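Colleague: sharing a model that was predicted from the sequence below.
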Amino acid sequence: MDPQALQARGGSQELKLDAAARHALRQGKSLPLLKKFYAWVVKMKPKLGRTSTLAEAVRYAANQRA
């Protein structure tokens, strides 16, 4: 089920979804956000210096990507 449609109907608890359906719902919501985040990381990494805290965090995030 589409995550937005599910949210409009009251969420996973209202529909009594099983674990696999809840997992699919979470994946449907989180994967697009992660794709946007990693696109930002790739874009920002060359623009940052080497010693700033943000640069360290961006490098860490880039290294964690599977």
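Modeller: Yes, it's here.
Colleague: buried residues, the helix or strand hosting Arg26. List them.
Modeller: Using DSSP states H and E, Arg26 maps to helix 19-44. Using 16 or more other CB atoms under 10 Å as the test for burial, helix 19-44 gives Leu25, Val41. Using the backbone N, CA and C atoms, a C-beta is placed for each residue, glycine as well.
Colleague: which strands and helices sit next to it?
Modeller: helix 3-8, helix 12-15, helix 53-64 (3 or more CB pairs under 8 Å, 6 or more residues apart in numbering; DSSP states H and E).
Colleague: tell me, how many residues neighbour Val58?
Modeller: 20 (other CB atoms under 10 Å).
Colleague: quick one: contacts for it?
Modeller: Val58 makes contacts with Val41, Met44, Lys45, Leu48, as judged by CB atoms under 8 Å, 6 or more residues apart in numbering.
Colleague: quick check: mean pLDDT of stretch 18-27?
Modeller: Here stretch 18-27 scores 89 as its mean pLDDT.
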